[in-house]
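> Sequence plus predicted model, see below.
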Amino acid sequence: RRMLMNLLLNLSREEKDELVREGSLAAAEDSRDSGLKDKANFDFLMARWGSLFIEQLDAMAELEQEDGFRPHDYELYFGGRDALEIPLGGGRRMRLTGRIDRVDTLDENGKTWLRVVDYKTSDNKLELNRIEMGLQLQLFTYLDVALAKLRREGKDASSGGLYYAILDDKWIEDDGEESAVREKLLKKYKLSGMTAAEVADRSGDVNMSTDLEKLKCSSALLEAVCRYVRGQEIRFGREILDGEIRICPENGSDELRACRYCSFKSICRFDRRIRGMTALEVEKDKKKVTAFLERVREAAGKEENHGL
């Protein structure tokens, strides 16, 4: 994998164009989206996104030379026999399936550090207050799945971190200096999320969100949050089976963002003017975030004391 990263850095622009096009063609063949198999549509998408893919390849290769982590899996699917099974009690189970965009690993002294990366086309930040409320469970679920997979393979795997990587086509202003443009490019593709304290000195490419800057999160604490998320998934699964469906969309920074792309607006018909209909308010309080982590840490300690 190190040879691959060095190779990416040394390829010409024409070679990178060809590599991206071949990879995109292969992805289009495997895709269920028939639009990608239309030549005119494919050429349009390549014209728009091709340079963005190349920027991402360059940034990924350079950043990964610095921190030692290397891609281990791309598009890691969990489903079928590998689905995440959530026991709901009474012999009932919920099966979660999905696909993890990227799994990176770092092998060191017999231990494998693991981190998961989820690509987004808009700005996303990992917010522990939203995790506590059950509104942002995806990344920790991915971390849980990836850790279990490596451990089944016999690896001594521990959590290294979990991140969003933003893919967008925003322009970078060219002020005439190549080094300045390079720094802006690397900043644009920095990962955003949480890093285990044990590998934090290696992760200079990580942009910690405001709520997390001063928090020291050990690998064990990240896995404790994974268990908290599993508990939230159990709760939601039981509520679904019990027919509990509340009309309570999140009132985020932009007005009712949960409703913006919802396919069920015509059924839900949420309206603040109707008595009893209220939006879910997400508080951003650093003290509450710290308190949440302390509760998770305490719960993890009790589990260890009971041999769980």
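Yep, that arrived. Only a predicted model underlies this, so the values are computations on that prediction, with no experimental measurement involved.
> hey, let's count contacts and neighbours off CA atoms from now on
OK.
> partner residues bridging the nearest residue to Thr195 once chain neighbours are set aside?
Distances taken as C-alpha to C-alpha, 6 or more residues apart in numbering place Gly161 nearest to Thr195, at 4.2 Å, with adjacent residues excluded. Applying DSSP bridges to Gly161 gives these bridge partners: Arg115, Thr195.
> Tell me how far Gly161 lies from Leu126.
From Gly161 across to Leu126, the span is 11 Å (C-alpha to C-alpha, to the nearest Å).
> cool, Gly301 as well?
Counting by C-alpha to C-alpha, the gap from Gly301 to Leu126 is 24 Å.
> sorry, back to before: and for Gly161 and Leu126, which residues touch both?
193-194 (C-alpha atoms under 8 Å, 6 or more residues apart in numbering).
> Between those two, point out the one with more neighbours.
Applying other C-alpha atoms under 10 Å to Gly161 and Leu126 shows that Gly161 carries more neighbours, namely 28 against 21.
> check contacts around that one.
Shown in contact with Gly161 (C-alpha under 8 Å, 6+ apart): 114-116, 193-196, 219, 222.
> Do you know the pLDDT at Ile234?
What the model reports for Ile234 is a pLDDT of 95.
> That one contacts Leu88, doesn't it?
Yes - if you go by C-alpha atoms under 8 Å, Ile234 and Leu88 touch, sitting 5.8 Å apart.
> Please save the CA atoms from the host helix or strand of Pro87 in CSV.
Using DSSP states H and E, Pro87 sits within strand 84-89. In CSV, the C-alpha atoms belonging to strand 84-89 read as follows (Å, rounded to 0.1, in the frame of the first residue of the first chain):
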residue,chain,number,x,y,z
LEU,A,84,-24.9,-6.3,12.3
GLU,A,85,-27.4,-8.2,14.4
ILE,A,86,-29.1,-6.2,17.2
PRO,A,87,-30.9,-8.4,19.8
LEU,A,88,-34.2,-6.7,20.8
GLY,A,89,-35.3,-9.2,23.4
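> what's downstream of it, the next helix or strand?
strand 92-96.
> partners of the helix or strand just after that next one in the sheet?
Scanning forward in sequence from strand 92-96 by DSSP H and E, the next helix or strand is strand 98-108. Strand 98-108 has these partner strands in its sheet, going by DSSP bridges: strand 70-78 (antiparallel), strand 111-120 (antiparallel).
> Including mean neighbour count, could those go into CSV?
Formatted as CSV, the strands paired with strand 98-108 follow (neighbours: other C-alpha atoms under 10 Å):
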stretch, mean neighbour count
strand 70-78, 16
strand 111-120, 21
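> Would you single out the least confident of these?
Mean pLDDT is lowest for strand 70-78 among those, at a mean of 88.
> Shouldn't Ala258 be within a helix?
Yes - according to DSSP: H, G, I helix; E, B strand; the rest coil, Ala258 belongs to a helix.
> Okay, angle between the strand holding Pro87 and strand 92-96 too, please.
160 degrees (axes from the mean of the first three to the mean of the last three C-alpha atoms, to 10 degrees).
> Tell me the gap between strand 84-89 and the middle of its chain.
Averaged C-alpha coordinates place strand 84-89 at 22 Å from its chain's average position (C-alpha atoms, centre = their mean, to the nearest Å).
> Tell me which stretches of the stretch 101-250 of the chain form strands.
For the stretch 101-250 of the chain, the strands defined by DSSP state E, counting those that start in this stretch cover 111-120, 157-166, 191-195, 206-207, 250-251.
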